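Participant: Need a 3D model of the sequence below.
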Amino acid sequence: MRPAGVLLVCGLVLGATGDPSQDFCSQILNSGVKPGFPKTIKTNDPDVLRAARHSAESFNNCSNDAFLFRESHISRALVQIVKGLKFMLDLDISRTTCKKTRHSSLDDCSFQTNRTLKQTLSCYSEVWVIPWLQSFKVPVLRCH
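Facilitator: You can find the predicted model right below:
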């Protein structure tokens, strides 16, 4: 894909989300990213943070833990342009004080401070984002 193709992807991100990170498109355009090649991206990038949240939510949906987990640290993030955007993340997720039965927003959940309940898992996650379909999937999530 030539720079014009990259512009198309960024344009689709702009059109679909309505509030894209200008930094994200700038990073893609100025970094020499080629389709199919993973590229390191800042761990505090808003798109990376959204991908990490999707990872935590996927974990919560599959877990039988009584408490919700949320992302606590992102140590590495890569992005790849392939039929949308594929984020590859190394992150930690930690148990919060929010119980699943209350369906709390993760933004309102503090991390556990009780020594017996405190737990952090190291995870690798892949999050596929197709902005023009307003779609995301977490096909890979491995935590230990």
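Participant: make it CA atoms for all contacts and neighbour counts henceforth
Facilitator: OK.
Participant: what about the strands in this structure?
Facilitator: Ranges of strands within the chain are 39-40, 67-81, 85-99, 120-130, 135-143, based on DSSP state E.
Participant: Dump those strands to TSV, plus mean pLDDT, distance to Phe59 and mean neighbour count.
Facilitator: Rendered in TSV, the data for those read as follows (pLDDT from 0 to 100; distance: least, Cα to Cα, whole Å; neighbours: other Cα atoms under 10 Å):
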stretch	mean pLDDT	distance to Phe59	mean neighbour count
strand 39-40	96	24	17
strand 67-81	97	8	21
strand 85-99	97	9	22
strand 120-130	97	10	20
strand 135-143	97	8	15
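Participant: Ala51: which of those is closest?
Facilitator: Counting by Cα to Cα, Ala51 lies closest to strand 120-130 out of these; the figure is 6.0 Å.
Participant: Direction included, what does the closest one pair up with?
Facilitator: According to DSSP bridges, strand 120-130 has the following sheet partners: strand 85-99 (antiparallel), strand 135-143 (antiparallel).
Participant: any idea how far Ile74 is from Phe37?
Facilitator: For Ile74, the distance to Phe37 under the criterion Cα to Cα, to the nearest Å works out to 21 Å.
Participant: again but with Lys137, I slipped
Facilitator: The separation that Lys137 has from Phe37, given Cα to Cα, amounts to 20 Å.
Participant: want to throw the strands paired with strand 120-130 into TSV with distance to Arg115?
Facilitator: As requested, the strands paired with strand 120-130 are exported to TSV (distance: least, Cα to Cα, whole Å):
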stretch	distance to Arg115
strand 85-99	11
strand 135-143	20
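Participant: just so I know, which of those lies nearest Gln119?
Facilitator: Proximity to Gln119, assessed across those by Cα to Cα, is greatest for strand 85-99 (5.5 Å).
Participant: Now do the closest one against strand 67-81, angle only.
Facilitator: Strand 85-99 runs at 170 degrees relative to strand 67-81, counting by axes from the mean of the first three to the mean of the last three Cα atoms, to 10 degrees.
Participant: Setting the sequence-adjacent residues aside, check what's closest to the residue sitting nearest the centre point of the chain.
Facilitator: Centre of the chain computed as the mean C-alpha position; nearest residue by Cα atoms, centre = their mean is Ala51, 1.3 Å away. In space, and not counting its chain neighbours, Ala51 is closest to Val127: 6.0 Å by Cα to Cα, 6 or more residues apart in numbering.
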